[in-house]
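S.K.: Based on what follows, work out the 3D shape:
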Amino acid sequence: MKLFSGKENVLAPSKRLQRILEIHLDPQSGSRYWLEKEKVLGFSIQDQIQTEDDLWRLGPMNLNDLSVRPVEDFIPMRFLQQNRKLITAETGGATGRPKITAYFEEEFHKIFVESFIGVAMALDFSGVGRWLWIGPGGPHVIGKACNAIAKEMSGSDAFSIDFDPRWYRKLETGSVARARYLEHILSQALSVWNTQQIENVFVTPVVLEALIDRLTDSRRKKIRGIYLGGMPLKPETREKFKAAFPNAKVIMGYGNSLFGVCHSVKDLSKENGLNCYFPHHDRVIIRLISLDQTLPDSERLRRQVTVGKRGQVVFHRLDESYFLPNVMERDTAVHVEAGDEEKLFGSIWDGLADPCPLEQQQFKVEEGIY
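M.R.: Modelled structure (predicted):
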């Protein structure tokens, strides 16, 4: 097995955290958001936060701030003055108003491109040949990532389609309008797939399943690589994909626009059981916390569930561009330990398995095609 190319230069967890806090909380050159937040909290964040286990003291991240404040408030002023290259990203709006974030160009490449290519190389997913991206473009980071991956692995842009999950969510569940929009996506995808020599597909499980019966056996057998994202994959759907695309290597990631992607290091075309995902770098920490809704969120953030138990997904993003602690996700998952195989890919944290939407929540998670 080839080692993950991004494994090098991984910092000890506490050192990474301290370095990011120093950058964002520098009185002269830090980020406006965190300098303001420190005043509201009434204590020195750097004094109180020594390790990742202390991050609960900051309380849950207010995600509305990511919807209403400019990216310049979150990026340290020293980097704004340097005019470092940025990749902007917005969430899909599944839980309300979209949240906006950004990555420095080198962070984006490491998080979204290098991490995928490292796993792909180990699983003999060559990425050579034409790619088809069937998913959101525009402000959605995943489309930017797919194109960057395709260029890196094949030397060419990915073919793509018009795909707007926000418009789809405005249409009534079960309506004729929703059915027509899905048909619009499928017809665009088939137009490319049936005329071009597509060998790699980046797509959501729901859309790929809807395409299976519309593709000829010869078209499906030409597929060498499938990257699934955007939503959980049911075990029965995975088996259906194995049969429909017998020559394809299948990789799946778990993530979002705010923190990046955690990949499974297993070949899903061969594996059975739960899909497990691990961060392959030191700049994101995943936690699974208590589901006890009678406790305040600040208390639940302290209570990580044990290995094998299900908890709510929380992540901490430790980047020079953005520091986002205690982001409480809309999902639950099972807490799993990183094994030797995951550690080869630079995983220094535990991971998660079998993610699914939170059942009891104050917001409605709008699902559909992405």
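S.K.: and Cys276, what is it in contact with?
M.R.: Ser264, Lys266, Val336, Gly351, Leu352, Ala353 (Cβ atoms under 8 Å, 6 or more residues apart in numbering). Glycine gets a C-beta too; all of them are placed from N, C-alpha and C.
S.K.: let's see 7 Å
M.R.: Ser264, Val336, Gly351, Ala353 (Cβ atoms under 7 Å, 6 or more residues apart in numbering).
S.K.: Would you reformat the residues you listed as a markdown table and include distance to Tyr33 and neighbour count?
M.R.: Converted to a markdown table, the contacts of Cys276 look like this (distance: Cβ to Cβ, whole Å; neighbours: other Cβ atoms under 10 Å):
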| residue | distance to Tyr33 | neighbour count |
| --- | --- | --- |
| Ser264 | 33 | 24 |
| Val336 | 33 | 19 |
| Gly351 | 29 | 25 |
| Ala353 | 33 | 19 |
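S.K.: Between those, which sits nearest Asp297?
M.R.: Gly351 (22.4 Å; Cβ to Cβ).
S.K.: The closest one contacts Asn275, correct?
M.R.: No: distance between Gly351 and Asn275: 10.4 Å, which falls outside the contact criterion (Cβ atoms under 7 Å).
S.K.: So for the residue minimising distance to the centre of the chain, what's the nearest residue that isn't a sequence neighbour?
M.R.: Centroid-nearest residue in the chain: Gly255, 1.9 Å away (criterion: Cα atoms, centre = their mean). In this structure, Gly255 finds its nearest non-sequential neighbour in Val261, 3.6 Å apart by Cβ to Cβ, 6 or more residues apart in numbering.
S.K.: could you pull out the strands for the protein?
M.R.: 86-90, 100-104, 130-134, 159-160, 198-203, 225-228, 249-256, 260-263, 276-277, 284-289, 310-318, 323-336, 351-357 (DSSP state E).
S.K.: which helices and strands does the fourth one pack with?
M.R.: Helices and strands touching strand 159-160, as assessed by 3 or more Cβ pairs under 7 Å, 6 or more residues apart in numbering; DSSP states H and E, comprise strand 130-134.
S.K.: make it 10 Å
M.R.: strand 130-134, helix 141-154, helix 176-193, strand 198-203 (3 or more Cβ pairs under 10 Å, 6 or more residues apart in numbering; DSSP states H and E).
S.K.: Could you dump the ones you listed into TSV and include distance to Arg69?
M.R.: TSV is the format used below for these (distance: least, Cβ to Cβ, whole Å):
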stretch	distance to Arg69
strand 130-134	30
helix 141-154	18
helix 176-193	32
strand 198-203	31
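S.K.: any idea how far Tyr277 is from Ala158?
M.R.: 23 Å (Cβ to Cβ, to the nearest Å).
S.K.: So which of these two has more stuff around it?
M.R.: More neighbours surround Tyr277 than the other of Ala158 and Tyr277, with 26 against 22 (other Cβ atoms under 10 Å).
S.K.: Specify the beta-bridge partners of that one.
M.R.: Here Tyr277 sits in beta bridges with Leu352, as judged by DSSP bridges.
S.K.: Hmm, it is touching Trp349, no?
M.R.: No: between Tyr277 and Trp349 there is no contact under Cβ atoms under 10 Å: 11.0 Å.
S.K.: and the closest residue in space to Glu105 that isn't next to it in sequence, what is it in contact with?
M.R.: Distance criterion Cβ to Cβ, 6+ apart; nearest residue to Glu105, sequence neighbours excluded, is Lys85 at 4.0 Å. Contacts of Lys85 were listed using Cβ atoms under 10 Å, 6 or more residues apart in numbering, and they are Tyr103, Phe104, Glu105, Glu106, Phe108.
S.K.: Buried subset of these as a PyMOL selection?
M.R.: The buried residues among these can be selected in PyMOL (16 or more other Cβ atoms under 10 Å) with this line:
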select buried, resi 103+104+108
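S.K.: Turn the contacts of Lys85 into JSON lines, including distance to Met328 and pLDDT.
M.R.: Shown next, in JSON lines, are the contacts of Lys85 (distance: Cβ to Cβ, whole Å; pLDDT from 0 to 100):
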{"residue": "Tyr103", "distance to Met328": "21", "pLDDT": "98"}
{"residue": "Phe104", "distance to Met328": "25", "pLDDT": "98"}
{"residue": "Glu105", "distance to Met328": "28", "pLDDT": "97"}
{"residue": "Glu106", "distance to Met328": "28", "pLDDT": "96"}
{"residue": "Phe108", "distance to Met328": "24", "pLDDT": "97"}
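S.K.: Just put the contacts of Lys85 in JSON lines and tack on distance to Gly129.
M.R.: Below are the contacts of Lys85 laid out as JSON lines (distance: Cβ to Cβ, whole Å):
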{"residue": "Tyr103", "distance to Gly129": "28"}
{"residue": "Phe104", "distance to Gly129": "31"}
{"residue": "Glu105", "distance to Gly129": "26"}
{"residue": "Glu106", "distance to Gly129": "27"}
{"residue": "Phe108", "distance to Gly129": "24"}
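S.K.: Need the max-distance pair from the contacts of Lys85.
M.R.: Tyr103 and Glu106 (8.6 Å).
S.K.: Need the overlap of contacts for these two.
M.R.: Lys85, Ile87, Glu320, Ser321.
S.K.: quick one: which of the residues you listed is nearest to Val313?
M.R.: For these, the nearest to Val313 is Ser321 (21.7 Å; Cβ to Cβ).
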